[in-house]
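1. attaching a predicted model along with its sequence, questions to come.
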Amino acid sequence: MLYLFLYPLHTEFSFLNVFKYITFRTFGAAMTSVLFCMLLGPWFIAYMQKKQMKQVVRDDGPQSHLSKKGTPTMGGTLILAGVALPTLLWGDLTNTNVWIALLLTLSYGLIGFIDDYKKVIRKNPKGLAGRYKLLGQVIFAGIAAYFIFKDGGVATDLHFPFFKDFSLELGWLYIPFAILVIVGSSNAVNLTDGLDGLAVGPTITTSVTFLILAYCAGHSEIAKYLQIPHVPGSGELAIFLASVAASCLGFLWYNTYPAQVFMGDVGALALGGALGVVAVISKNEILLALCGLIFVVEALSVMIQVISFKTTGKRVFKMAPIHHHFELKGWPEPKVVVRFWILSILLAIATLSTLKLR
Ligand code: 57M
């Protein structure tokens, strides 16, 4: 909004020329988001407490989790406001990719909100039935994928890190592939969100990494120099991703151990969807699996556990998702979380290093 209103005035006031630069607006969006979440956090937590929006904790989980009963939840609404408002304020609102990323994120937030609402307010422990959740995710991802290829100007070939001259032309199959990436990412982040700060940390490292990747893909000269696909307009996603990372950082202030608030499905499904959709738009789907390997491993641990239990009657992990396995092995919760963060930072460095290793 500031870009649309203030940049045209640069002919009269030359200092307004600064609004042209994505880097300046990225910084502005990040500062707005982090301050928004940090300053409104205490009010939000008190409000959720007053309205009895408290987490119901399953009693078949690790014993240490029983003390978390009553923690205010649905903090994702604060995160999403901290993403949407700064993106609208600092982003170029004529950019289709920004709208696709933002609306997909908010639509996934809506699915999560309905789920949380049923669990927390209606006291229905099952929440929104899994099949309706998945159906909603597939429909919204399908709409996003359609617009990415129709209006976003994104090609339908799949690129692989390390191989600069090789790409796989998927044609219309790119649409189901994009849906798989977005829905898979959303559910993987949701499964990861089971310890204080566990999902938020890798979401910050992944969104900062994708901020750099999207900026590079959107800049014709940098993309040419790095020999990565050039996606016109994807640089503007840096503003959206800065808002995601900074909003999560502000939220982490309150979500770190011992958490004063959980994000709920409204946050987890939306953040995972956000990472998935920017990976598709910036043509970095494979790199999302590397950068977000923590999320992939969490989801795989559930699949392995379920398949093993159904076929052999035996469990591979003490409990899935895998973070519960380490908890039950006796690692204190903050140790599991910080070690997963360390791995996520290393994965982000590995992801960025692929930019030069081609
Ligand atoms: C949601 N939700 C947390 C909070 C958060 C198929 C099965 C593996 C599914 C899985 C599942 O339901 N996962 C998705 C995980 C819950 O947190 C809420 O949910 C939101 C995210 N969607 O924002 O609102 C609990 O997680 C803890 N938590 C924190 N700090 C945080 O910052 O400590 C969350 C955020 C909270 C709190 O305790 O109450 C959750 O885990 O329920 N199911 C499971 O994860 C369950 N695993 C399981 O059943 N494993 C089985 C098989 C079938 C794979 C096995 O290993 O044999 C575990 N979860 C729990 N208890 N709570 C085990 C039992």
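-> Thanks, I have it. Numbers count the residues shown, from 1 in each chain.

2. what does the stretch 51-200 of the chain put close to the ligand?
-> 55, 57-58, 60-61, 65, 68, 73, 190-191, 193-196 (C-beta under 6 Å from any ligand atom). From N, CA and C alone the C-beta is placed, and that goes for glycine too.

3. closest to the ligand out of these?
-> In terms of C-beta to the nearest ligand atom, no member of those lies closer to the ligand than residue 61, at 2.6 Å.

4. returning to what we had before: ok, so of the residues of the stretch 51-200 of the chain next to the ligand, who is nearest residue 354?
-> residue 191 (25.6 Å; C-beta to C-beta).

5. wait, a strand at that closest one?
-> No: looking at residue 191 with DSSP: H, G, I helix; E, B strand; the rest coil, it is helix, so not inside a strand.

6. gap between it and residue 82?
-> Remark: distance between residue 191 and residue 82 (C-beta to C-beta, to the nearest Å) = 23 Å.

7. check residue 62 too.
-> 30 Å.

8. and these two? which has more neighbours close in?
-> The neighbour comparison of residue 62 against residue 82 (other C-beta atoms under 10 Å) goes to residue 82, with 27 against 15.

9. isn't that one right up against residue 33?
-> Yes: in this structure residue 82 lies within contact range of residue 33 using C-beta atoms under 8 Å: 4.7 Å.

10. who touches both of the two?
-> Common neighbours of residue 82 and residue 33, using C-beta atoms under 8 Å, 6 or more residues apart in numbering, are 243, 246, 247, 250.

11. may I ask which helix or strand encompasses the second one?
-> Translated: residue 246. Assigned by DSSP states H and E, residue 246 belongs to helix 237-255.

12. again with residue 159
-> Under the criterion of DSSP H and E, residue 159 resides in strand 157-160.

13. just residue 167 next, same as before
-> Per DSSP H and E: strand 163-169 holds residue 167.

14. what sits up against that strand?
-> Here strand 163-169 has contacts from 156, 157, 158, 159, 160, 227, 229, 358, using C-beta under 8 Å, 6+ apart.

15. so, low pLDDT: which residues of this structure?
-> For the chain, applying pLDDT under 70 flags the ranges 151-154, 358.

16. try 50 this time
-> Applying pLDDT under 50 to the chain flags no residue at all.

17. which residue ranges form the helices in it?
-> Counting by DSSP state H, one finds helices in the chain at the ranges 2-6, 22-50, 76-90, 96-120, 130-150, 174-192, 200-218, 220-226, 237-255, 264-281, 285-291, 293-312, 322-328, 333-353.

18. could these be laid out in CSV, adding distance to residue 12?
-> Conversion of the helices of the chain to CSV gives the following (distance: least, C-beta to C-beta, whole Å):
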stretch, distance to residue 12
helix 2-6, 11
helix 22-50, 19
helix 76-90, 21
helix 96-120, 27
helix 130-150, 36
helix 174-192, 43
helix 200-218, 28
helix 220-226, 30
helix 237-255, 25
helix 264-281, 35
helix 285-291, 43
helix 293-312, 48
helix 322-328, 56
helix 333-353, 40
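
19. of all those helices, which one is nearest residue 15?
-> Nearest of the helices of the chain (C-beta to C-beta): helix 2-6, 9.9 Å.

20. can you show me the CA trace of that closest one as PDB?
-> C-alpha atoms of helix 2-6 as PDB (Å, rounded to 0.1, in the frame of the first residue of the first chain):
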ATOM      1  CA  LEU A   2       2.800   2.400   0.900                       C
ATOM      2  CA  TYR A   3       4.500   1.400  -2.400                       C
ATOM      3  CA  LEU A   4       1.400   2.300  -4.400                       C
ATOM      4  CA  PHE A   5       0.800   5.600  -2.500                       C
ATOM      5  CA  LEU A   6       4.200   6.900  -1.700                       C
END
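
21. list of residues touching it?
-> Against helix 2-6 from outside (C-beta under 8 Å, 6+ apart): 16, 19, 20, 25, 28, 89, 90, 91, 92, 93, 94.

22. just the buried residues of these.
-> By neighbour count, with 16 or more other C-beta atoms under 10 Å, the contacts of helix 2-6 hold 16, 19, 25, 28, 89, 90, 91, 92 as buried.

23. and the residue nearest in space to the middle of the chain, what is it in contact with?
-> What sits nearest the mean C-alpha location of the chain, by C-alpha atoms, centre = their mean, is residue 271, with 2.9 Å. Shown in contact with residue 271 (C-beta under 8 Å, 6+ apart): 76, 79, 105, 189, 199, 203, 244, 248, 263.
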